[in-house]
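> Got a sequence here, can you model it:
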Amino acid sequence: MTAPASTSASTSASAPAHTPAAADPAGTPDVPGDLAAFAAEWETWHARHEAVRAGRHGFLAITSLHWLDAEPARFDDAPGAWSTAPGDGVAVALADGEELVFDGRVLTGRHVFGPIEERGSLFPAAGDAVIEVARRGGHFILRPRHPRNPLLAAYTGTPAYAPDPRWARPGRYVPFDTPRPTTVGAAVEGLQHVYDAPGYVEFEVDGATHRLTAFNGKTPGSLMLLLTDATSGVTTYAANRTVFVAPPDPDGRVLVDFNRAVNLPCAYTDLATCPLPPAENRLPIAVEAGEKTPLAPVGPARSVPAREGDR
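Sure thing, here's the model as predicted:
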């Protein structure tokens, strides 16, 4: 699937209030001295993360991906005719008998959703489904999410390395003088994401120092690390994994817990627009920690290419 390239910048990667519940891997704990306690805490965290991933309106429930433009279009898994609208928004025209519920209001007829920030999403409901209206790479998309999607029904979990305290690495956060706009690729060909990088994190493994460009995390002050390593494409997903890091302490100290390296949605479905790591975040070492490649495709995915004028 191909999407138009974009260089639209954003100053925040935070999810808006309407986003369905998402796992918050930030807040990585101090490493306890007891290995059993460390493993038990990881098991609890990973079970919670898996429950969110398998949520009824999570990314495994996505049934299609549509790139919107000014021409209204109807789709068989969402009510209404959808288009972009003047003023940086999205419009839907609902026919007689069609409705959506959004912010506690029943929508009928024509409705214009206001401006949507980059990487933001709105989630009007349609029966037991939600219709994600989002902005990615400067372009508006529609992604219906149906809880009976075969992709979700077939999901049985993600394998992971056994938790190992060796891979909970103490590190140091170094802020840049000013955030640096950083362009990265995406799982969708031709799409680009721009993140503001506030600084970098450095840590040591076997006496060698490694550095990863950091982006803003899900909660204020927390950090997100996009990366690949020598296990990528071997035992772990080839394109990317991510690690969330709790806010640095006053001296810039952080804990980078690679046991909590997780797959992004593109490891499971071709209907995701996930960012790829910047070149400098490709670690030369084998990080044998965190989630591995999903065992098998979890079900069919139906993608909708961009319209000819958007390619």
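> residue ranges with poor pLDDT in the stretch 201-311 of the chain?
Residue ranges of the stretch 201-311 of the chain with pLDDT under 70: 296-311.
> Could you pull out the strands in it for me?
For the stretch 201-311 of the chain, strands defined by DSSP state E, counting those that start in this stretch occupy the ranges 208-216, 223-227, 241-245, 253-257.
> The helix or strand containing residue 36 vs strand 253-257, what angle?
According to DSSP states H and E, residue 36 maps onto helix 35-53. Orientation check (axes from the mean of the first three to the mean of the last three C-alpha atoms, to 10 degrees): helix 35-53 against strand 253-257 gives 70 degrees.
> list the buried ones in helix 35-53?
By 16 or more other C-beta atoms under 10 Å, the buried positions in helix 35-53 come out as 38, 39, 41, 42, 45, 46, 49, 50, 53. (C-beta placed from N, C-alpha, C; glycine too.)
> if I read this right, the last one contacts residue 61, doesn't it?
No - in this structure residue 53 lies outside contact range of residue 61 using C-beta atoms under 8 Å: 10.5 Å.
> what about the residue lying closest to residue 214 once chain neighbours are set aside, neighbour count?
Nearest non-adjacent residue to residue 214, counting by C-beta to C-beta, 6 or more residues apart in numbering: residue 223, 4.3 Å away. Neighbours of residue 223 under the rule other C-beta atoms under 10 Å: 27.
> Make 10 the first number, not 1, from now on.
From this message on, residue numbering opens at 10, which makes the last subject residue 232.
> Bridged to residue 232, which residues?
Applying DSSP bridges to residue 232 yields these beta-bridge partners: residue 225, residue 254.
> tell me the contacts of it?
35, 182, 207, 210, 223-226, 253-254, 256-257, 263 (C-beta atoms under 8 Å, 6 or more residues apart in numbering).
> Buried ones among the residues you listed?
For the contacts of residue 232, buried by 16+ other C-beta under 10 Å: 35, 182, 207, 210, 223, 224, 225, 226, 253, 254, 257, 263.
> Would you mind measuring from the fifth one to residue 76?
It refers to residue 223. Using C-beta to C-beta, to the nearest Å, we find residue 223 at a distance of 30 Å from residue 76.
> ok, now the third one?
Shown here: residue 207 relative to residue 76, a distance of 30 Å by C-beta to C-beta.
> same check, this time on the fourth one
As judged by C-beta to C-beta, residue 210 and residue 76 stand 34 Å apart.
> One more: the last one?
Taking C-beta to C-beta as the measure, residue 263 and residue 76 are separated by 37 Å.
> just so I have it, where are all the helices in the stretch 60-209 of the chain?
Taking DSSP state H, counting those that start in this stretch, the helices of the stretch 60-209 of the chain run over residues 159-162.
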